[in-house]
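Enquirer: structure of the sequence below:
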Amino acid sequence: MLHAPVLPIVKKRRRPAETHPQGPHEVRYRDVTIYLVEKKMGSSRRSFLTHLAKTKGFQVADNLSDEVTHVVAEDNPAGELWEWLRGRGLSNLPTMRVLDITWFTESMGAGRPVSVETRHCIQSCSLVKPCLPTAPKWIVSQYACQRRTTMTNHNKIFTDAFEILAEHSELNENEGPCLAFMRATSVLKSLPAAVRCLSDLEGVPCLGDQTRAVMEEILESGSSSKVETVLNDDRYRTLKLFTSVFGVGPKTAERWYRKGHRTFEEVHADQSLNLNKMQTAGFLYYEDISRAVSKAEADAMGRIVEDIVHSIAPDAIVALTGGFRRGKEFGHDVDFLLTTPENGKEAGLLIQVIDELKYQELLLYCDHQESTFDVSKLPSRKFEAMDHFQKCFLIVRLQDELVEGGVRREAGDHRRWRAIRVDLVAPPFANYAFALLGWTGSRFERDLRRFSHHERNMLLDNHALFDKTKKTFLTAKTEEDIFAHLGLEFIEPWERNA
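Expert: The predicted structure follows:
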C-alpha cells in the first residue's frame, strides 16, 4: 500500500505593517480630534489613513480618550461597536460623533472636516447607557442671573446646534424661535453634567417642544436634520458671510442677497452699491478682524490703552469688559470702559485717546459717537442694544512684539502687525458700575434686566437702576451693590457665561 509523501509544513509569514513618515504636521483643525477604530480596518490601513489625515491638518489620536471628538469606524456592526465604546469608560461618549468611514473620506477629499450628516452616523438603538431611575435631576432657575455658568460646557453638542438655529431665526427676523433657542442654550450651558437622555431634563426650564425635539434627534442619531437643512441653505450661508463684515447688518446683507450677490467679489463688482465708511474698512481689514482675537492680544491692547489713558488722566479707570472679562480665551473684538473718579472729567477723554492713537500711527479706523446720555430721560422702559454714553468703534494696529508669547503667522504673511477691533466707552463715574455690568455682557445681563422688571418691579439698564415702587433711583458704586439692591447673590464675571 502506497502512502502519500509527507510535505513539510510551511508557516506563512505575516506581512509587516506599512509605516509612514511621522514628521511634524501643522494642525489646522484644533476643534476636531479623530480616533480611527482598528478593528475591521486593520493596522496597515489605519496607519495609512492616520498619515493622510495628519498631512491635511487633522489631529488623530492614537488612543481613545475623552479628548476625541470624532470616532471613525469601517465595516463595524453598530451594536458591537457601541458595546465596545461603552466599555471604554468615556465620560463624554454622549457628545462624541461616532461615524462611518464615509465622513472621513469626504473630509479628506474636501481637505477640511465636512458637516456631519445623518447618513454619516453609526446609529445605535441607544447611543448611551440607559438612564437609571436615580438619574440626577437639576434644580435650575429660569433666570440666567441666578445660575452660575462657567466656560465649561458639558452639552456643547446641543448648544452648538441651538446657536446655529438661533442665528438662522434671527436672520429671518423670527424673534420667538430665536429667543427660545437662545434661552435653551443658556440653560444647557449652566448644567453641571452632560444630558444623557431627555428624562434628565425633568423640571429644567426654558426647554419647549421645539428644542426638546432637536435634542432627542441628536441623542438618537448624533446630529439634527434641522441643523443640516440650515447649514445647506444658500440664503443662510450668504447672509452669515455678509454679516461677518464689520458694518454690515442683516438688512444690508438681505439687500445684497436679493440683488443676486453670493460672494464678496460680486458685491465689489456691483457699481450701484455705495459702501459706507465702516463697511469699506470692514472689507479692507476683513482677513484680520474676522479672525478671533486671543486673550494675549487683548491684554497687549489693554496695555496700549492704559498707557495712553493714564498719560492723559493718571487717576482714570480702565476696565477690560466683554467676553474676556468673563474668562474667554478668544473673542471677536476688545471692549474697554474708561472713566474718571470725578463726574464730568471723562467727557473729553475719548477724543484725546483717539488723537494719541493717531499720533502713534496705530489708528486704522474710527467711528466716534458723542454722548446722548440725559438723566432726565431715565428710566428707559424700552430695551436698547446700545447705551447713550460717549463711545467709539475703532480698528487699531497691534504690533506682534507687544503680544506675550508671540504671534503665529501664516506662511507668506511677512507683516509684523494685525488689525484688531476695539470699542471704547466712557460713562460718568456715577454710572460706571451699571455700565460695567452691562458691557460684561452675555445673556446673563439680559436676564438680569428681565428679573429686575418681573420679580423686583425695577428697571435696570447700562445707565441706572430705578425702583418703580419707591419711584427712586438706587445708587451703586460696584456691581455687588446692584446685586444687593436686587436681592441676588453676587455672581463673579467668570460665572456669567450664559
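Enquirer: can you confirm F444 is in a strand?
Expert: No - counting by DSSP: H, G, I helix; E, B strand; the rest coil, F444 falls outside a strand, being helix.
Enquirer: any idea how far C145 is from it?
Expert: F444 sits 6 Å away from C145, taking CB to CB, to the nearest Å as the criterion. The way it works is simple: take the backbone N, C-alpha and C, and place the C-beta from them, glycine included.
Enquirer: give me the common contacts of those two.
Expert: I491 (CB atoms under 8 Å, 6 or more residues apart in numbering).
Enquirer: report the beta-bridge partner residues of D467.
Expert: M458, T472 (DSSP bridges).
Enquirer: could you count how many residues lie near it?
Expert: Residues contacting D467 under the criterion other CB atoms under 10 Å number 16.
Enquirer: just G57 next, same as before
Expert: The number of residues packed near G57 is 16, by other CB under 10 Å.
Enquirer: repeat for G323
Expert: Number of residues near G323 (other CB under 10 Å) recorded here: 24.
Enquirer: per-residue pLDDT, G79?
Expert: Note on G79: pLDDT of 81.
Enquirer: kindly provide the distance from it to L85.
Expert: G79 is 11 Å from L85, where distance means CB to CB.
Enquirer: repeat that for A53.
Expert: Counting by CB to CB - A53 and L85 are separated by 20 Å.
Enquirer: quick one, domains of this structure?
Expert: 29-120, 144-231, 234-284, 293-429, 440-495 (automatic domain parsing).
Enquirer: in contact with I164: list those residues for me.
Expert: Counted by CB under 8 Å, 6+ apart, I164 has contacts 227, 230-231.
Enquirer: for it, report the pLDDT, please.
Expert: Per-residue pLDDT puts I164 at 97.
Enquirer: so which helix or strand takes in it?
Expert: Counting by DSSP states H and E, the element that carries I164 is helix 156-171.
Enquirer: so what's the gap between that helix and the chain middle?
Expert: On the basis of CA atoms, centre = their mean, to the nearest Å, helix 156-171 sits 11 Å off its chain's mean C-alpha point.
Enquirer: C-alpha coordinates for it, PDB please?
Expert: Presented in PDB, the C-alpha positions along helix 156-171 are these (Å, rounded to 0.1, in the frame of the first residue of the first chain):
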ATOM      1  CA  LYS A 156     -21.800  71.500  23.500                       C
ATOM      2  CA  ILE A 157     -23.300  69.100  21.100                       C
ATOM      3  CA  PHE A 158     -26.700  70.600  21.800                       C
ATOM      4  CA  THR A 159     -25.700  74.200  22.300                       C
ATOM      5  CA  ASP A 160     -23.800  74.300  19.000                       C
ATOM      6  CA  ALA A 161     -26.900  73.200  17.300                       C
ATOM      7  CA  PHE A 162     -29.200  75.700  19.100                       C
ATOM      8  CA  GLU A 163     -26.800  78.600  18.400                       C
ATOM      9  CA  ILE A 164     -27.000  77.800  14.600                       C
ATOM     10  CA  LEU A 165     -30.800  77.600  14.800                       C
ATOM     11  CA  ALA A 166     -31.000  80.800  16.800                       C
ATOM     12  CA  GLU A 167     -28.800  82.700  14.300                       C
ATOM     13  CA  HIS A 168     -30.900  81.400  11.400                       C
ATOM     14  CA  SER A 169     -34.100  82.600  13.200                       C
ATOM     15  CA  GLU A 170     -32.500  86.000  13.900                       C
ATOM     16  CA  LEU A 171     -31.500  86.400  10.200                       C
END
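Enquirer: now do the helix or strand following it: everything it contacts.
Expert: The first helix or strand that comes after helix 156-171 along the chain, using DSSP H and E, is helix 175-190. Helix 175-190 has contacts (CB under 8 Å, 6+ apart) with 140, 144, 147-149, 153, 155, 158-159, 162-163, 165-166, 169-170, 195, 204-208, 210-211, 443-444, 447, 497-498.
Enquirer: okay, buried residues for helix 175-190 please.
Expert: 177-178, 180-190 (16 or more other CB atoms under 10 Å).
Enquirer: so what's the spatially closest residue to M41 that is not a sequence neighbour up against?
Expert: Excluding the flanking residues, the one nearest M41 by CB to CB, 6 or more residues apart in numbering is E74, at 4.6 Å. Shown in contact with E74 (CB under 8 Å, 6+ apart): 37, 40-41, 45, 100-101.
Enquirer: mind redoing it with 6 Å?
Expert: Going by CB atoms under 6 Å, 6 or more residues apart in numbering, E74 touches 40-41, 101.
Enquirer: CSV for those residues, including secondary structure, neighbour count and pLDDT?
Expert: Converted to CSV, the contacts of E74 look like this (DSSP: H, G, I helix; E, B strand; the rest coil; neighbours: other CB atoms under 10 Å; pLDDT from 0 to 100):
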residue, secondary structure, neighbour count, pLDDT
K40, coil, 14, 85
M41, coil, 19, 87
I101, helix, 20, 92
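Enquirer: ok so, going back, check the buried residues of helix 175-190 and tell me the two furthest apart.
Expert: Spanning the widest gap among these are P177 and S190, at 20.9 Å by CB to CB.
Enquirer: got the end-to-end distance for stretch 472-486?
Expert: Length of stretch 472-486, first residue to last, CA to CA, to the nearest Å: 14 Å.
Enquirer: stretch 32-48 too?
Expert: Terminal residues of stretch 32-48 lie 19 Å apart, using CA to CA.
Enquirer: by residue count, which helix of the chain is the longest?
Expert: If you go by DSSP state H, the chain has its longest helix at helix 295-312.
Enquirer: what mean pLDDT does it have?
Expert: Mean pLDDT, helix 295-312: 97.
Enquirer: which helices and strands sit right next to it?
Expert: When contacts are defined as 3 or more CB pairs under 6 Å, 6 or more residues apart in numbering; DSSP states H and E, helix 295-312 sits against strand 317-320, strand 334-339, helix 349-359.
Enquirer: now for these, which one comes closest to G57?
Expert: Among these, the nearest to G57 by CB to CB is strand 334-339 (28.2 Å).
Enquirer: now do the longest helix of the chain and helix 349-359, the angle between them.
Expert: Between helix 295-312 and helix 349-359, the angle comes out at 110 degrees (axes from the mean of the first three to the mean of the last three CA atoms, to 10 degrees).
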